[in-house]
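**Student:** Build the 3D model from these lines:
(one chain, ligands or ions: 3)
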Amino acid sequence: MNSASGNQPELKRLKDLRLSNKNKFKILMNYFESQHDKNMNTELVQAELTAYPIIKFFQLMMKDHTWLKEIPKEKLLEINKFIDRLIHINNQVTNEMEKEDNQIEIQNLSNNQIKNLLSIQVNKRQDIPKTWYDVTHIKILYTIIVKIPGLKNEREKKIGEITTELTEKLLEETSEDSGSAEEVIPGFDSAKVRCSSTSERIKVFNFLKKSKPQWLIQIPPIQDPQVKLSAVRFDEENINLWLERLFIKNRWKRCWKACIKHFYKVGKLYDVILEVDPALREWIEQRNGFVSAGYKRISVVDHFDIKQCRNCTRFGHLANRCSQISLCPYCGGVNHFHESCEIKDLPHKWKCPNCLKNGENAWEIKCAKFQERLLHELEKKNYQYKLIMA
Ligand SMILES: [Zn+2]
Ligand SMILES: [Zn+2]
Ligand SMILES: [Zn+2]
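**Tutor:** Ligands and ions are numbered 1, 2, ... in the order given. Predicted structure coming up:
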């Protein structure tokens, strides 16, 4: 009985290359649940470690930030201890272990290194390109949109505010475990409930759905990260072949998804926007934002759907749709083109027309208004950004 419970047929599936990371993690979590509080049978565990790359996948799991966010902290610490035990058992094997993967030398990882993997902190790299910037300080919240049918604007209050009040009241006055939200803020015709993690969001979402079936409650769609390849040779007739070559050239894993979202002709070359697997986005970052395309190394940047108007400098639309008077990005003035702005070359006199900060112009990444937009975009991505490749 005892040995049968240790025999994990599911572990075999870890070797299946078609299996998504998410499913691998499920298998690992099952393994963890069934084993962690047991006095593990050393021989059996050794056999399992030899046959299946369990430790390797646990380590990969610890690097997968999207997944980690969903696991409570106490559990992470337990998993950490559990990996320790596995490694300890693994080290007892004196004979040559069959190496599943040469890339990860489990034996060389110290306790602390594994703890570091757990700590969800960025390993600040020294050599990152100068234009990249760190976004680890940005607190990302996970939104639920609440709309209440039939509400009308009142004299004192708008629909968004009324919805916010009713939602707050509902969340506050329940005695159930309804999950916790960080804040409820009014939208135009809705309330936005913002939670600190995806798991809290699911709880709150289910609670709201159950309590108010007549309300419209939605989780905004989440999409994979997007990147832009600039100035590449591209054949509009054969876009799939082009993508195929990119995979081959860079030896990307077949299980990584990538699809071409847009392409724009710039002179003879093209800018191409790809939506990519989170793991592929990570791969690009690890290589300092370069991929091989054709015979060249091409620089890649993160792409977000932030529209900023070249004419009026405002966000949310492009110049071809602009109906505003043009604003100077350096001084906010209305009576001159930016090329002829008197303070164009005097940065200390600039004043951003959007956030009104002195010493900045409207195109700065640091701009508070831009950061607001960026945050909104980050919350829609199935990826935990630490650095933005810009
Ligand atoms: Zn405009
Ligand atoms: Zn000006
Ligand atoms: Zn600004």
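
**Student:** all strands for this structure, in order.
**Tutor:** Counting by DSSP state E, the chain has strands at residues 133-134, 142-147, 183-186, 191-195, 216-218, 226-232, 258-266, 269-276, 290-293, 296-303, 387-388.

**Student:** Save those as JSON lines, and put in distance to residue 327 too.
**Tutor:** C-beta coordinates here come from the backbone N, C-alpha and C atoms, glycine included. Output for the strands of the chain, formatted as JSON lines (distance: least, Cβ to Cβ, whole Å):
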{"stretch": "strand 133-134", "distance to residue 327": "25"}
{"stretch": "strand 142-147", "distance to residue 327": "30"}
{"stretch": "strand 183-186", "distance to residue 327": "28"}
{"stretch": "strand 191-195", "distance to residue 327": "29"}
{"stretch": "strand 216-218", "distance to residue 327": "35"}
{"stretch": "strand 226-232", "distance to residue 327": "26"}
{"stretch": "strand 258-266", "distance to residue 327": "25"}
{"stretch": "strand 269-276", "distance to residue 327": "26"}
{"stretch": "strand 290-293", "distance to residue 327": "36"}
{"stretch": "strand 296-303", "distance to residue 327": "25"}
{"stretch": "strand 387-388", "distance to residue 327": "26"}
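
**Student:** so which of those strands gets nearest ligand 2?
**Tutor:** Each of the strands of the chain has some distance to ligand 2 by Cβ to the ion; the shortest is strand 133-134, at 26.3 Å.

**Student:** Sheet partners, orientation included, of that closest one?
**Tutor:** The strands beside strand 133-134 in its sheet (DSSP bridges) come out as strand 387-388 (antiparallel).

**Student:** List the contacts of the partner strand.
**Tutor:** 122, 128, 132-135, 285, 302, 374 (Cβ atoms under 8 Å, 6 or more residues apart in numbering).

**Student:** Please pick the buried ones from these.
**Tutor:** Among the contacts of strand 387-388, the ones that count as buried by 16 or more other Cβ atoms under 10 Å are 132, 135, 285, 302, 374.

**Student:** Next, give me the two most distant ones among those.
**Tutor:** Using Cβ to Cβ, the pair of the buried ones among the contacts of strand 387-388 lying farthest apart is 285 and 374, separated by 16.7 Å.

**Student:** in the stretch 51-200 of the chain, which spans are helices?
**Tutor:** 54-63, 65-68, 73-91, 111-118, 159-172, 198-211 (DSSP state H, counting those that start in this stretch).

**Student:** what's the most buried one of those?
**Tutor:** Compared across the helices of the stretch 51-200 of the chain, helix 54-63 shows the largest average neighbour count, a mean of 20 (mean count of other Cβ atoms under 10 Å).

**Student:** helices or strands next to it in the packing?
**Tutor:** helix 21-35, helix 65-68, helix 73-91, helix 111-118 (3 or more Cβ pairs under 8 Å, 6 or more residues apart in numbering; DSSP states H and E).

**Student:** By mean pLDDT, show me the worst of these.
**Tutor:** Mean pLDDT is lowest for helix 111-118 among the helices and strands packed on helix 54-63, at a mean of 49.

**Student:** returning to what we had before: which of the strands of the chain is buried the deepest?
**Tutor:** strand 191-195 (a mean of 23).

**Student:** then it to PDB, C-alphas only?
**Tutor:** C-alpha atoms of strand 191-195 as PDB (Å, rounded to 0.1, in the frame of the first residue of the first chain):
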ATOM      1  CA  ALA A 191     -17.200  50.000 -10.600                       C
ATOM      2  CA  LYS A 192     -13.800  48.500 -10.700                       C
ATOM      3  CA  VAL A 193     -13.000  46.100  -8.000                       C
ATOM      4  CA  ARG A 194      -9.200  45.700  -7.700                       C
ATOM      5  CA  CYS A 195      -7.600  42.800  -6.000                       C
END
